[in-house]
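# Give me a model of this one.
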Amino acid sequence: MADLFASEPDSATPEAAQPLAEHLRPRRLEDVVGQEHLTGADGAIGRMVAAGRLASMILWGPPGTGKTTIARLLADAVGLRFIAISAVFSGVADLKKAFAEAREHARIGTQTLLFVDEIHRFNRAQQDGFLPYVEDGTVVLVGATTENPSFELNAALLSRCQVLILNRLDRDALERLLERAEAAEGRALPVDADAREALIATADGDGRFLLNQVETLYSIRIDQPLTPAELSKLLHRRVAVYDKDREGHYNLISALHKSLRGSDPQAALYYLARMLVAGEEPLYLLRRLVRFASEDVGLADPQALVQCLAAKDAYDFLGSPEGELAIVQATLYLATAPKSNAAYKAEKAAKRTARDTGSLMPPKNILNAPTKLMKTIGYGRDYDYDHDAPDAFSGDDYWPEEMVPQGFYTPSPRGFEVKIAERLAYWDRLRKERRAGE
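So this is what the prediction gives:
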């Protein structure tokens, strides 16, 4: 039976015509850079290869970190037939053909490694289609994804696969790629030392992007080594990996929130800038800051909420980029404000008690009596009007008769809540004194 998917899709491409990234693709697992925690002797992949038996797995990591390369080398290392499909271009019919081919080869004793690039792009029903073939060993599934598998893949599929996390390539790993490129070309890159560092930085951990930039440099006649400024004019910077509805988005907003809570204005500004530079919607950031003002600052500094709403108005008025400075100001205010989650905890406790107590009636003396019948049955009777009481405080009991007074809100010993705590203590003392005198 003829293979529908070539085991080496680019084998027909003349080597001279191959992109540099393809030409330098590692031929052995030990040549893969930056993923030694997986491919080394003590890593999950290294151990599987040593045992000669692969488990189905999901390779999760940023673009350009070697997911496809590792999948190909795994098949070679343990002697499996390799086929690759992309969830972007393939559908159910393609999967059925791939599984049928794998079964045909299994009958003659050849197991298949099925590599599925961008596996998260298959819908839930399509992902379910993998299950019987993974379970009965028809294929060893190796899926690649840039998205968090716990969000994007079925629990049933995840339970049958190991999730292996690939690291963003660090500076040392990217430098090794540059050295390999120079060895392959037989000449040094036409850049000075500072530009070399800038070239590595612009790759943002993506090895494939770096090698594509290197290929561009080698394809142009450059008489003198480029400086960083000259390099930046010639090459573009890699756009930061950031999908507004995916994990990168949630990771950065979480980092911003935690930095604010930890009163670190420098880190908070960094994560705010990361999101703005990546194209995040400023109004989304403002909504999160407004929430933070109530959740994590609260009455420790009542002006925090005012500052955030003022920043929202300023941004509405000015737009980008001028209005973004108001967002920065609100961020700095929140990061440097005293912190309290007392209001947040009080909300949770009050809602919990409200659910538990059901429909208890408030005491009749604090109910309005707009009709004669309501007055007759006691609504509003003996209500103590606080403004007529000494210190404008009656000390009355406002709780349902079936409940004892609750304590939901406890001010923190920080900021303005110090004053609130003093005021509450004063009222508690008056309340006890007046009830003792009844």
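# list the buried ones in the longest helix seen in the chain?
Ranked by residue count under DSSP state H, the longest helix found in the chain is helix 417-436. Within helix 417-436, the residues scored as buried using 16 or more other C-beta atoms under 10 Å are 417, 420-421, 430-431, 434. For every residue, glycine as well, the C-beta is placed using N, CA and C.
# Okay, now the unreliable bits of the stretch 101-250 of the chain?
Applying pLDDT under 70 to the stretch 101-250 of the chain picks out residues 236-247.
# Show me this protein divided up by domain.
15-165, 171-234, 247-336, 361-436 (automatic domain parsing).
# Turn those domains into a markdown table, columns for distance to residue 351.
A markdown table is the format used below for the domains of the chain (distance: least, C-beta to C-beta, whole Å):
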| stretch | distance to residue 351 |
| --- | --- |
| domain 15-165 | 28 |
| domain 171-234 | 43 |
| domain 247-336 | 14 |
| domain 361-436 | 9 |
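# The residue sitting furthest away from the middle of the chain and residue 369: what is the separation?
Ranked by distance from the centre of the chain (C-alpha atoms, centre = their mean), the top residue is residue 376, with 60.7 Å. Distance of residue 376 to residue 369, given as C-beta to C-beta, to the nearest Å: 9 Å.
# Shouldn't residue 216 be within a helix?
Yes: counting by DSSP: H, G, I helix; E, B strand; the rest coil, one finds residue 216 located in a helix.
# Quick check, it in contact with residue 235.
Yes: at 6.4 Å, residue 216 counts as touching residue 235 under the criterion of C-beta atoms under 8 Å.
# mind listing the helices for the stretch 51-200 of the chain?
67-78, 92-107, 124-128, 131-135, 149-152, 155-158, 171-185, 193-203 (DSSP state H, counting those that start in this stretch).
# for the stretch 251-400 of the chain, same thing?
265-277, 282-292, 303-318, 324-336, 342-357, 372-376.
# Confidence-wise, which of those helices is weakest overall?
Here the helices of the stretch 251-400 of the chain differ in mean pLDDT, and the lowest is helix 372-376 at a mean of 88.
# Any idea how far it is from the middle of the chain?
Relative to its parent chain, helix 372-376 has a centroid offset of 59 Å by C-alpha atoms, centre = their mean, to the nearest Å.
# As PDB, could you dump the C-alpha coordinates of that helix?
Listed next in PDB are the C-alpha coordinates belonging to helix 372-376 (Å, rounded to 0.1, in the frame of the first residue of the first chain):
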ATOM      1  CA  LYS A 372     -51.900  51.300  56.300                       C
ATOM      2  CA  LEU A 373     -51.900  47.500  56.500                       C
ATOM      3  CA  MET A 374     -48.100  47.500  56.800                       C
ATOM      4  CA  LYS A 375     -48.200  50.000  59.600                       C
ATOM      5  CA  THR A 376     -50.900  48.000  61.400                       C
END
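# what's in contact with it?
Applying C-beta atoms under 8 Å, 6 or more residues apart in numbering, the contact partners of helix 372-376 are 367-369, 380-381.
# make it 6 Å
Helix 372-376 is contacted by residues residue 369 when judged by C-beta atoms under 6 Å, 6 or more residues apart in numbering.
# ok, back up a step: out of the buried residues of helix 417-436, who's nearest residue 181?
The closest of these to residue 181 turns out to be residue 417 (C-beta to C-beta; 59.5 Å).
# Please name the nearest non-neighbouring residue to the closest one.
Computed as C-beta to C-beta, 6 or more residues apart in numbering, the closest residue to residue 417 that is not its neighbour in sequence is residue 411, at 3.7 Å.
# Thought residue 420 was touching that neighbour, still the case?
Yes: Residue 411 lies in contact with residue 420 (C-beta atoms under 6 Å); the separation is 4.6 Å.
# What is the burial count for the closest residue to residue 363 other than its chain neighbours?
Nearest non-adjacent residue to residue 363, counting by C-beta to C-beta, 6+ apart: residue 401, 6.1 Å away. Residues lying near residue 401 (other C-beta atoms under 10 Å) number 10.
# now the residue farthest from the centre of the chain: how far from residue 367?
13 Å.
# What of residue 306?
34 Å.
# who has more neighbours, those two?
residue 367 (16 against 13).
# In contact with the residue lying closest to that one once chain neighbours are set aside, which residues?
Using C-beta to C-beta, 6+ apart and skipping the chain neighbours, the partner closest in space to residue 367 is residue 379 (4.5 Å). Neighbouring residues of residue 379 by C-beta under 6 Å, 6+ apart: 364, 367, 369.
# For the helices of the stretch 51-200 of the chain, state which one has the densest average packing.
Neighbour counts (mean count of other C-beta atoms under 10 Å) averaged over each of the helices of the stretch 51-200 of the chain peak at helix 67-78, with a mean of 21.
# Using CSV, list the CA coordinates for that one.
Extracted in CSV, the C-alpha atoms of helix 67-78 (Å, rounded to 0.1, in the frame of the first residue of the first chain):
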residue,chain,number,x,y,z
LYS,A,67,9.0,20.0,18.3
THR,A,68,8.9,18.7,14.7
THR,A,69,12.6,17.8,14.7
ILE,A,70,12.2,15.8,17.9
ALA,A,71,9.3,13.9,16.5
ARG,A,72,11.2,12.9,13.4
LEU,A,73,14.3,11.9,15.3
LEU,A,74,12.2,9.8,17.7
ALA,A,75,10.9,7.7,14.9
ASP,A,76,14.4,7.2,13.6
ALA,A,77,15.8,6.4,17.0
VAL,A,78,13.4,3.5,17.7
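# What is the distance between it and the centre of its chain?
28 Å.
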